[in-house]
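*Asks:* Following is a predicted model, sequence given first.
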Amino acid sequence: MLTPEEVRAIPLFSTLAPAELELLAKTSADIHLAAGEYVVHEGDTDRVLYAVLAGKMEVVKSFDGIERTLGWRATGTIFGEIPIAIGSPFYGSYRAAEPARLMRVEARQYFAIAAVAPDVFNKVSEIARERIGGMQGHSAKPPTPLVTMFGQRWDPACADMRRFLARNQISFDWITPDSPDLATLWPGPLPQESDCPVLRLADGTVLARPNARDVAPLLGLQTKAHLAEYDAVIIGGGPAGLAAAVYGASEGLHTLCIEREAPGGQAGTSSRIENYLGFPSGVSGDELASRALQQAKRLGAEILVTRAVTRIDPKTHEIVLDGDEVIRTRTIIVASGVKWRRLKIEGFDRLLGKGIYFGAARSEAGATNGQDLYLIGAGNSAGQAAMYFANYARKVTLVVRGDSLEKSMSHYLVEQLRGKSNIAVQLRSEVAAVHGDTHLTAIDIRDANKTVQRQDCDGLFVFIGADAETAWLPAEIARDAHGFVLTGDDTKKGGHWPHKRDPYLLETSVPGIFACGDVRASKVKRVAAAVGEGSMSIAFVHQYLAQAGASH
């Protein structure tokens, strides 16, 4: 508990009258931190003021995925002056560089003191102005990319590498053979086309045509498990998997999440999600994934990327990864999502990555400036992508098989689309053919009268739904006719649950193996539903582990 004498030792409060010192001592929190422990995270919105009573605090901020130290707060200094002065979020994170003791003053108490002690208000305002100036200096420095990539625009391997780097929040510059100032951007001999993509890392390492697995550990991404055994292993790093990772780690479980490419899943390719709770202005899929990933890691979850699960042993719960690496775990959460459905037309696979794409992440929008784009689909994802691309492209056309958008798209999106002058909708139509040699140049559209028209096309983005990707699961895990995993009562109704106790709501036909998100047999396929199921699966993991422990 704080004393008035300890409060007076802070220079900011040293001139306060005994009554104000007594008030601050009674109403302020007395916080003790171990070395490395955070008291504030970047972006926190609490309007509070901190004073360092003992020890030393480090101020850190992430710039393009790279954490930098902005400064230090020694004994007697304060922080939180900008949030308390102007109500903005914390610009950086604050963690103890050594064991530390802090005083936390809530906004209400601070303004009560400031009202009777104007010197305190003036000093805090002055410090806030100085710190804002320092922040502007940091922001003005050009970011240094972790990777510089040299490669052709229409090379699928380059497109795959760009997507991998962007979705894993790795900052990079992309240089093409026709880039201006090529000699300055890529000093030395230019790579051969057969070697592309060529990556130059920040430390000078050069990699010719690497795969994602080779690159990941060099960029600080985890590809191997650290522990011999886990309480819960999550297969899939989409919204459901990341939610399970966050809740599992926060509740003290040894938690591992395995993702084949990058966290975010299908939601990570969504340019904007407008109806997700808590984001009144909307949030992009990759931003939501990035926040969830940081949260999961901060709480202690391990996230493996570029690793695929080849099989599961339903008896032992052992998981075998590509390369025959075996991971032992007490429970498994299958959150592997779905795979994009492909168009069954000639040339589709040949031009995939060369003008034809699945989904529409924000990182792709800049390359569509002034282009004519076509999007196939009538769901919310297609509508959100059309709205986002319309800010860059010359024209965006939605190609829709049905006779109305209202049947499959949220009302707010339909209204937004109607308000965009450069968005067109072709109903009762479908793409019949794609054309191009090195890249997509045109598409054929067939209308309800079977009339086919060829249209110039700079990019085709596909949103025609997805299928369950569950063929790799053991036969003991029951699925419905479409390949989606059965859970809870559905396993009993289908005769797949021969055990004495009832299955938990998200439990598969194999006790201790759970399923959540899009891979689960359910009519609801929403990001919010996936997040809810992911978090709920941890509650069932706890119940299963408690029962398993009681039976031994």
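*Replies:* Done, it's in.

*Asks:* Relative to the whole chain's centre, how far out is stretch 27-45?
*Replies:* The chain centroid and the centroid of stretch 27-45 are separated by 25 Å under Cα atoms, centre = their mean, to the nearest Å.

*Asks:* Kindly report the same for stretch 239-246.
*Replies:* The chain centre lies 10 Å from the centre of stretch 239-246; the measure is Cα atoms, centre = their mean.

*Asks:* I would like the residues contacting it, please.
*Replies:* The contact list for stretch 239-246, computed with Cβ atoms under 8 Å, 6 or more residues apart in numbering, reads 232, 234-235, 237, 255, 257, 259, 263-265, 267, 288-289, 292-293, 295-296, 299, 301, 303, 333, 335, 337, 516-518, 527, 530-535, 537-538. Bear in mind the C-beta positions are built from the backbone N, C-alpha and C, glycine included.

*Asks:* State the mean pLDDT of that stretch.
*Replies:* Average pLDDT, stretch 239-246: 96.

*Asks:* I'd assumed residue 35 was in contact with residue 98.
*Replies:* Yes - contact status for residue 98 versus residue 35: in contact at 5.2 Å, counting by Cβ atoms under 8 Å.

*Asks:* what's the nearest residue to the most centrally placed residue in the chain if we skip its chain neighbours?
*Replies:* Against the mean C-alpha coordinate of the chain, by Cα atoms, centre = their mean, the closest residue is residue 289 at 1.3 Å. Of all residues not flanking residue 289 in the chain, residue 264 sits nearest, at 3.2 Å (Cβ to Cβ, 6 or more residues apart in numbering).

*Asks:* That neighbour and residue 332, how far apart?
*Replies:* 21 Å (Cβ to Cβ, to the nearest Å).

*Asks:* Which of the three states applies to residue 145?
*Replies:* coil (DSSP: H, G, I helix; E, B strand; the rest coil).

*Asks:* On the C-terminal side of the helix or strand of the chain at the bottom of the mean pLDDT ranking, identify the next helix or strand.
*Replies:* Ranking every helix and strand in the chain by mean pLDDT, DSSP states H and E puts helix 118-140 at the bottom, with a mean of 79. Next along the chain after helix 118-140, taking DSSP states H and E as the criterion, comes strand 147-150.

*Asks:* what sits up against that next one?
*Replies:* 158, 161-162, 165, 170-177, 185-186, 190-191, 196-202, 215, 219.

*Asks:* Buried subset of those, written for PyMOL?
*Replies:* Selection of buried members from the contacts of strand 147-150 for PyMOL, criterion 16 or more other Cβ atoms under 10 Å:
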select buried, resi 158+161+162+165+170+171+172+173+174+175+176+186+191+196+197+198+199+200+201+215+219
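
*Asks:* What about the contacts of strand 147-150, which are in strands?
*Replies:* Within these, residues falling in strands by DSSP state E are 172-175, 198-201.

*Asks:* In CSV, list those residues along with pLDDT.
*Replies:* CSV is the format used below for those (pLDDT from 0 to 100):
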residue, pLDDT
172, 89
173, 89
174, 90
175, 92
198, 96
199, 96
200, 94
201, 94
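
*Asks:* thinking again about what came up before, list the contacts of the residue nearest to residue 289.
*Replies:* Neighbouring residues of residue 264 by Cβ under 8 Å, 6+ apart: 167, 237-239, 285-286, 288-290.

*Asks:* change it to 10 Å
*Replies:* The contact partners of residue 264, taken as Cβ atoms under 10 Å, 6 or more residues apart in numbering, are 167-169, 237-239, 241-242, 270, 284-290, 292-293, 361.

*Asks:* what about it, distance to residue 293?
*Replies:* 8 Å.

*Asks:* just residue 265 next, same as before
*Replies:* 12 Å.

*Asks:* Looking only at neighbour counts, state which of these two leads.
*Replies:* Neighbours were counted for residue 265 and for residue 293 using other Cβ atoms under 10 Å; residue 265 has more, 29 against 25.

*Asks:* so what's that one up against?
*Replies:* 167, 236-242, 259, 285, 289, 335-338, 517-518, 527, 530.

*Asks:* who's the residue nearest to residue 207 when sequence neighbours are not counted bridged to?
*Replies:* Leaving out its chain neighbours, the residue that sits closest to residue 207 by Cβ to Cβ, 6+ apart is residue 199, at 4.6 Å. Listed beta-bridge partners, residue 199: residue 149, residue 207 (assigned using DSSP bridges).

*Asks:* Quickly find the element holding residue 439.
*Replies:* Short version, using DSSP H and E: residue 439 is in no helix or strand.

*Asks:* Tell me who's in contact with it.
*Replies:* When contacts are counted by Cβ under 10 Å, 6+ apart, residue 439 touches 152-155, 351, 353-356, 458-459.

*Asks:* would you list those in JSON lines and tack on neighbour count?
*Replies:* Putting the contacts of residue 439 into JSON lines (neighbours: other Cβ atoms under 10 Å) gives the following:
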{"residue": "152", "neighbour count": "18"}
{"residue": "153", "neighbour count": "15"}
{"residue": "154", "neighbour count": "17"}
{"residue": "155", "neighbour count": "20"}
{"residue": "351", "neighbour count": "21"}
{"residue": "353", "neighbour count": "20"}
{"residue": "354", "neighbour count": "18"}
{"residue": "355", "neighbour count": "22"}
{"residue": "356", "neighbour count": "26"}
{"residue": "458", "neighbour count": "19"}
{"residue": "459", "neighbour count": "21"}
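
*Asks:* Closest one of the residues you listed to residue 542?
*Replies:* Using Cβ to Cβ, residue 353 comes nearest to residue 542 of these, at 42.6 Å.

*Asks:* need the contact list for that closest one.
*Replies:* Counting by Cβ under 10 Å, 6+ apart, residue 353 has contacts 154-160, 162-163, 439-440.

*Asks:* got a markdown table for the residues you listed, with pLDDT too?
*Replies:* As requested, the contacts of residue 353 are exported to a markdown table (pLDDT from 0 to 100):
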| residue | pLDDT |
| --- | --- |
| 154 | 86 |
| 155 | 88 |
| 156 | 86 |
| 157 | 89 |
| 158 | 90 |
| 159 | 86 |
| 160 | 87 |
| 162 | 89 |
| 163 | 85 |
| 439 | 92 |
| 440 | 94 |
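
*Asks:* Please state the offset of stretch 381-395 from the chain centre?
*Replies:* Worked out by Cα atoms, centre = their mean, stretch 381-395 lies 21 Å from the chain centre.

*Asks:* need the helices for the stretch 301-450 of the chain, in chain order.
*Replies:* Taking DSSP state H, counting those that start in this stretch as the test, the helices found in the stretch 301-450 of the chain are 348-351, 380-389, 411-418.
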